[in-house]
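Q: let's see this in three dimensions:
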Amino acid sequence: MALVFFMPIYAKILPSIIFLMVLNWIIEAKFKKIPAIFSERHRILTFSFAALYVLYLIGMLYSKNMDYGLFDLEIKFSLILFPLIFATVDRDFPFQKLIINVFKAFIAGCMTGTLILFAIALYSYIGSRNPAVFFYTTFSKFIHVSYLSMYLNLAVSILAYYLIRKEHPLTNKIRILLAVLAIYFSFVIFLLSSKAGIFSLLFLSLMIILYLLFINKQISKGLLFLCLVMITFYAGFRFLPTTAGRFKKTESVLSEQKITSPENMESNSERLDVWKAGIEVIRKHPVFGVGTGDVKDALLSEYLKENKLFVYNMRLNALNQFFQTYIALGILGALLLIFMLVLPGWLAIRRIHFIYFSFLAVFTLNILVESMLEVQAGVVYYAFFNSLFFFGWKILADRSADKEIA
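A: Down below sits the predicted model:
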């Protein structure tokens, strides 16, 4: 609960919390259950998410830049740690209570973190009278807007699920509270002006509409929510010019397809330059990649070769996790990353696991435009929630089946 509470507030404290989790795991002697991982199918599948980290370890064998490689392994350590922790959890562990408490702590963290940002922005506005302090990176001072938007989208999906599900209906007061929080988080996503975040919110809204129409068979509610979504997005782009302006710049860059001068460089033109360089590196190393430690060096070399001095000076990564992983580990690494998202996504669809599928879908949309497994804020978020959802839903499903049989 501490981990997910501080995730949207102050990421630098996360390593200390993870250390306490590992210490607790050791004190409780959960490591003695490691052999049990390989005797139960679902535990094996949960731990199999650590395979990507194993590939990064192998990638060190043909890396030249060992310092960067070791740093990268340190950042990505959660990819093996959380699958290991969850794969050794006792089957009688109270997962239902854990998941609900995690959701509460995460939403509380999102609320606390954004209120802190509003307080700082308001203080800045009083002194400067500049409304820009409420938008984009000027507003989100502690966490990059892409990551905070992704967190808030997960919070919206959690709130939406409890609002639209038929089982265990909520009281009107709780329903109003959840609706207000969902609207509030959606509003903050627009202020953050992350294009991936807003697109993810739109995708999530469409999922909710489809869920209401085809799963719950609530036609009137589905159509009403569709109208609310249309009004919300119209208002967001109509009355928040900073947000609308970022999308207009995207349209301009994509339509003109020309490089701007460094002083007028926009994130979309940067991204196009980086992707072209990344594809070129992949073309040169299609099978095994360049190795875990040489990703950054290979990209920087390509930036210089193509005279992309702006992105070279910024030392940007591939700005796409699929490209980033392919460059490091080759085709096997890229296919494994895809498998890690597609397989649980398919299982979530089959079992109508709304929150888990929302989590995977939004994360996939975001890593198409950011290398989120290269930063602790992305690695810890994915590794923890994916392990929690994947192992937890199976345990809960088994218990539900046992109750029906009884």
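
Q: C-alpha from now on. contacts and neighbour counts both.
A: Will do.

Q: all strands of the stretch 101-250 of the chain, in order?
A: Ranges of strands in the stretch 101-250 of the chain, per DSSP state E, counting those that start in this stretch: none exist.

Q: any stretches of it with poor pLDDT?
A: Filtered on pLDDT under 70, the stretch 101-250 of the chain yields the residue ranges 168, 249-250.

Q: walking through it, point out its helices one by one.
A: 136-139, 145-164, 172-192, 195-210, 219-239, 241-256 (DSSP state H, counting those that start in this stretch).

Q: quick one, which of the ones you listed gets closest to F77.
A: Evaluated with CA to CA, the helices of the stretch 101-250 of the chain place helix 145-164 nearest to F77, the distance being 18.7 Å.

Q: on that earlier part again, deepest-packed of the helices of the stretch 101-250 of the chain, please.
A: Of all these, helix 145-164 carries the top mean neighbour count, a mean of 23, counting by mean count of other CA atoms under 10 Å.

Q: elements contacting that helix?
A: Under the contact criterion of 3 or more CA pairs under 8 Å, 6 or more residues apart in numbering; DSSP states H and E, helix 145-164 touches helix 95-128, helix 172-192, helix 195-210, helix 354-367.

Q: just give me how far the third one sits from the chain centre.
A: A distance of 14 Å separates the C-alpha centroid of helix 195-210 from that of its chain, computed with CA atoms, centre = their mean, to the nearest Å.

Q: that helix to helix 145-164, inter-axis angle?
A: Computed by axes from the mean of the first three to the mean of the last three CA atoms, to 10 degrees, the angle separating helix 195-210 from helix 145-164 equals 10 degrees.

Q: over to the first one?
A: Compare the direction of helix 95-128 with that of helix 145-164 by the same axes, to 10 degrees and you get 130 degrees.

Q: got the angle between helix 95-128 and helix 172-192?
A: Using the same axes, to 10 degrees: helix 95-128 against helix 172-192 is 50 degrees.

Q: now helix 95-128, how far from the centre of its chain.
A: When distances are taken as CA atoms, centre = their mean, helix 95-128 is centred 17 Å away from the chain's centroid.

Q: mind listing what's buried along that helix?
A: Using 16 or more other CA atoms under 10 Å as the test for burial, helix 95-128 gives 95, 99, 102-114, 117-118, 120-122, 124.

Q: tell me how far R165 lies from A155.
A: Note on R165: its distance to A155, by CA to CA, to the nearest Å, is 16 Å.

Q: go on, S48?
A: On the measure of CA to CA, S48 and A155 end up 27 Å apart.

Q: what about I279, how many neighbours?
A: By the criterion of other CA atoms under 10 Å, I279 has 18 neighbours.
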